[in-house]
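*Asks:* the following comprises the amino acid sequence and a computationally predicted model.
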Amino acid sequence: MGRTGNTEYVKNRQNLTRSANSYHILDIEIDSNINACSNNICDVSHKEIPLYKYTDIPDFLQGNPYVIHGYRVMLPFSLCLKSIFVWSNESINIWSHLLGFLIFLLLMVYDNLIILPRTGSSFSDYFVVSLGLLCYQVCMLCSVGFHMFCCHSERASRRWLAVDLTGISLGVIGCYLPAVHYAFYCLSVWRDVYFFIITILTVSTIVIQLHRKFFSHGWFRYRILIYVFLAGYGVLPTIHWVYLNGGPQAEIVQLFIPKVMTIYCAGVLALVFYLSKFPERFLPGSFDYIGSSHQWWHIIVVAAFIYWHFAGQEILLYRQSHQCHI
Ligand SMILES: [Zn+2]
């Protein structure tokens, strides 16, 4: 579980990092600014990476006072990598999305080699299914990167948070792509209109991140609202699609709508965990390593993406076995 760290040197290292003005892409070079060896951390094995209590960590790592133990602090880049094999309060966050990445990579290979050839899919089916799964994979890796490197420095934490949030945008577009493709299979004009709108919305969420206040505490609510809007926007094309298909009684609507409702319920459930900090809020310190709200958020997101992928496959099979009537 790692030895308990020295509080004083953590504060010193925080000051050291804050005084550095140079800034590099992904902040990997900042590694050289941290004089890890002077703190005897460069030669510890990964099994001895020190872990800290919430009260001893720098401000930028604070955010959930109900997770009390198991924080990695100011690790050099190489030890951030090694720390994935250390049992910390980030272990499940890292491994849940690392496994998620592997699952979506395998699904992409399996679908391209087995499922899509078997169903006689078109080039656009291959393209959309692969792109959707690729979005999920990038989303997973961005999240893994954030949880691995956020402890490196304040600037690295902020930069990787940007990467993580960009990954969420890509994850949402990964849900939209196959859904719009199959739902509007027979209505190619509307399909292209919604593809265009969703692309604009996704790019806009990424551009908004360039605002200097975007990652500030004061913008927390705006950040949440932006992503809720991006995901919630899907209700509009869904209502339009139900109308175009003849209303709630149509066979395809009855097949598809319960799946849309399930994915939105999963999204709301994940968000409730994320915002409420349940269950650790009621038993602070009891879910530091297993069962904290952020871990539930991660697991629900992976499960929701997997569910949505197979839901899309069902609609694909339906579309391929039914003629377009509209
Ligand atoms: Zn996360």
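*Replies:* Noted; the coordinates are in hand.
*Asks:* and Leu133, how far is that from Arg155?
*Replies:* Taken as Cβ to Cβ, to the nearest Å, the spacing of Leu133 relative to Arg155 amounts to 32 Å. No exception for glycine: its C-beta is placed from N, CA and C like everyone else's.
*Asks:* what do you get for Ile115?
*Replies:* Distance of Ile115 to Arg155, given as Cβ to Cβ: 43 Å.
*Asks:* ok, His240 next?
*Replies:* The span separating His240 from Arg155 equals 44 Å under the rule Cβ to Cβ.
*Asks:* how's this protein carved up into domains?
*Replies:* With automatic domain parsing as the criterion, the domains of the chain are listed as 7-85, 91-321.
*Asks:* which strand or helix spans the closest residue to Tyr136 other than its chain neighbours?
*Replies:* Nearest-residue entry for Tyr136: Phe104, 4.3 Å, with adjacent residues in sequence omitted and distances by Cβ to Cβ, 6 or more residues apart in numbering. Following DSSP states H and E, the helix or strand that holds Phe104 is helix 91-110.
*Asks:* same thing with Ala303?
*Replies:* In this structure, Ala303 sits in helix 293-321 according to DSSP H and E.
*Asks:* output the contacting helices and strands for the host helix or strand of Val172.
*Replies:* Take DSSP H and E as the rule and Val172 turns out to sit in helix 154-183. Where contact means 3 or more Cβ pairs under 8 Å, 6 or more residues apart in numbering; DSSP states H and E, helix 154-183 is packed against helix 7-19, helix 123-149, helix 188-208, helix 220-232, helix 235-244, helix 251-276, helix 293-321.
*Asks:* tell me the angle that helix makes with helix 235-244.
*Replies:* Between helix 154-183 and helix 235-244, the angle comes out at 0 degrees (axes from the mean of the first three to the mean of the last three Cα atoms, to 10 degrees).
*Asks:* buried stuff in helix 154-183?
*Replies:* Along helix 154-183, the positions that meet the burial threshold by neighbour count (16 or more other Cβ atoms under 10 Å) are 154-157, 159-183.
*Asks:* just stretch 112-127 next, same as before
*Replies:* Residues 115-116, 121, 125 are the ones in stretch 112-127 that count as buried (16+ other Cβ under 10 Å).
*Asks:* hey, which helix or strand in the chain has the poorest pLDDT?
*Replies:* In the chain, the helix or strand scored least confidently by mean pLDDT, DSSP states H and E is helix 7-19, which has a mean of 45.
*Asks:* can you name every helix or strand that the helix or strand that comes right after that one contacts?
*Replies:* Past helix 7-19, heading to the C-terminal end, the next element that is a helix or strand (DSSP H and E) is helix 77-82. Using 3+ Cβ pairs under 8 Å, 6+ apart as the contact criterion, the secondary-structure elements in contact with helix 77-82 are helix 123-149.
*Asks:* got the angle between the helix it packs on and helix 188-208?
*Replies:* Between helix 123-149 and helix 188-208, the angle formed by their directions is 20 degrees, by the same axes, to 10 degrees.
*Asks:* what mean pLDDT does helix 123-149 have?
*Replies:* For helix 123-149, the per-residue pLDDT values average out at 95.
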